[in-house]
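Visitor: Just to be clear, the model below is a prediction. Sequence and coordinates:
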Amino acid sequence: MNTKLVKIDELHMDEAAIAEAGRVLAEGGLVAFPTETVYGLGANGLCAEAAAKIYAAKGRPSDNPLILHITSMEELYPLVSEIPPEAAALAEAFWPGPMTMVFKKTDLVPHGTTGGLDTVAVRMPEHPVARAIIRAAGVPIAAPSANTSGRPSPTKAAHVLEDMDGRIDMIVDGGEVGIGLESTIIDVSEGTATILRPGYITKAMLEQVIGPVAVDKASLGGLSPDVRPKAPGMKYRHYAPKAELTVFRGPVETACRAIEKALAEAEAAGLRAGVICTEESRDRYYAPVKKCAGSRENPETVAHNLYDVLRAFDEEQVDCIYSESFDGYALSGAIMNRLLKAAGQRVVQCGEEKEV
């Protein structure tokens, strides 16, 4: 398959390219496109055969549900059997934007899209290119991140091309994304609204709208092999670079000293080590490869840069990677969720290594 790459300026939309992307999707093909979170790999969400192409292209487990993308509340009604009052309030507050809600589905949505579940995850993206493509397709678009399964999610079209060239029909290059982490997923299908995956929309922001919100423990540590995940990113290792990644948690100074010690030990063992640092700490490390994720003074920069940094280590051919942690900020839940999954939950806490 030849993958076509087209560039689109969101300020001066190429209507012909948008129409072509919509046509490919409507006819059952695969198109990668930018959203405000990461690049998505789109297919007709109402066609099980099209959804199956996503799983094949990504090498994604078939029980990992896909998220349907829409552009209006009118498009939601045929997809879900009920919209609880809390969901309506959250939609009013955060749609369009980086929030996904899980509803009980109607028969219109095939189980091939939902990973066999009777619930469906739905999002209304804010990115103008994404919205234009969905409207052009004329159907809800199932779109997980446009990377091969387990790899860091793509925040640039170049990342998509690296993973998907020859696997999909078309890549729409709309430039670098804004947020850099996937949407918050909140389950509104039964009882208390529950966060299944943390994201840019934080627990505090949700609770300002609807009151108490629960957090599914599986969003932190994953699910057992025999459980079907209710949302993407809950069960399998994700976002991982090729080299083994270890996260050092604890007070910043203590963690930095532990990383310095680990780097010295790696050098003595003849290993090429990399370190994920911040603008505040980058000058203190002696390491073959250093990648700055951003500033602790502005954690949004860490969220924006994290996947790009993780991918960059593959080009450096490092043997191991050590990362500072990013606890204690408004976006810590989302950042640490991705970082710990990338590390396969491998953590050093206060100088004592343990699996969590």
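Guide: Good, I have the coordinates. Numbers count the residues shown, from 1 in each chain.
Visitor: SS state for residue 309?
Guide: Classification of residue 309 using DSSP: H, G, I helix; E, B strand; the rest coil returns helix.
Visitor: What is the neighbour count of residue 279?
Guide: Residues lying near residue 279 (other Cβ atoms under 10 Å) number 15. Quick note: C-beta positions are derived from backbone N, CA and C, even for glycine.
Visitor: now the helices for the stretch 51-200 of the chain?
Guide: Taking DSSP state H, counting those that start in this stretch to define them, one finds helices in the stretch 51-200 of the chain at 73-76, 85-94, 111-114, 128-137, 157-164.
Visitor: Make CSV out of those and add mean pLDDT and distance to residue 21.
Guide: Compiled in CSV, the helices of the stretch 51-200 of the chain are given as follows (pLDDT from 0 to 100; distance: least, Cβ to Cβ, whole Å):
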stretch, mean pLDDT, distance to residue 21
helix 73-76, 98, 18
helix 85-94, 98, 26
helix 111-114, 96, 19
helix 128-137, 98, 5
helix 157-164, 96, 13
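Visitor: would TSV of those with mean neighbour count and distance to residue 313 be doable?
Guide: What follows is the helices of the stretch 51-200 of the chain, written out as TSV (neighbours: other Cβ atoms under 10 Å; distance: least, Cβ to Cβ, whole Å):
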stretch	mean neighbour count	distance to residue 313
helix 73-76	15	40
helix 85-94	17	33
helix 111-114	22	33
helix 128-137	23	28
helix 157-164	21	13
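Visitor: looking at these, which is closest to residue 35?
Guide: helix 128-137 (4.6 Å; Cβ to Cβ).
Visitor: thinking again about what came up before, nearest to residue 20, out of the helices of the stretch 51-200 of the chain?
Guide: Evaluated over the helices of the stretch 51-200 of the chain, closeness to residue 20 peaks at helix 128-137, with 8.5 Å, by Cβ to Cβ.
Visitor: And the pLDDT for the most centrally placed residue in the chain?
Guide: Nearest residue to the geometric centre of the chain (Cα atoms, centre = their mean): residue 182, 3.3 Å. Residue 182 carries a pLDDT score of 96 in this model.
Visitor: Relative to residue 218, which of the helices of the stretch 51-200 of the chain is closest?
Guide: Across these, residue 218 has its closest neighbour in helix 111-114 (17.3 Å, Cβ to Cβ).
Visitor: Dump the closest one to PDB, keeping only the CA atoms.
Guide: Taking Å, rounded to 0.1, in the frame of the first residue of the first chain, the C-alpha atoms of helix 111-114 are listed here in PDB:
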ATOM      1  CA  HIS A 111     -18.800  -4.700  18.700                       C
ATOM      2  CA  GLY A 112     -15.900  -4.700  16.300                       C
ATOM      3  CA  THR A 113     -15.400  -1.000  17.200                       C
ATOM      4  CA  THR A 114     -16.000  -1.400  21.000                       C
END
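Visitor: For residue 305, grab the count of nearby residues.
Guide: Neighbours of residue 305 (other Cβ under 10 Å): 19.
Visitor: Report the contact partners of it.
Guide: Neighbour list for residue 305: 180, 292, 293, 294 [criterion: Cβ atoms under 8 Å, 6 or more residues apart in numbering].
Visitor: What separation is there between the closest residue in space to the second one that isn't next to it in sequence and residue 315?
Guide: The spatial neighbour of residue 292 that comes closest, neighbours along the chain excluded (Cβ to Cβ, 6 or more residues apart in numbering), is residue 282 at 5.2 Å. Between residue 282 and residue 315 the distance is 19 Å, computed by Cβ to Cβ, to the nearest Å.
Visitor: Looking at these two, which is more packed in?
Guide: Shown here are residue 282 and residue 315; by other Cβ under 10 Å, residue 282 has more neighbours (14 against 9).
Visitor: so that one touches residue 293, yeah?
Guide: No. Counting by Cβ atoms under 8 Å, residue 282 sits too far from residue 293 to count as a contact (9.8 Å).
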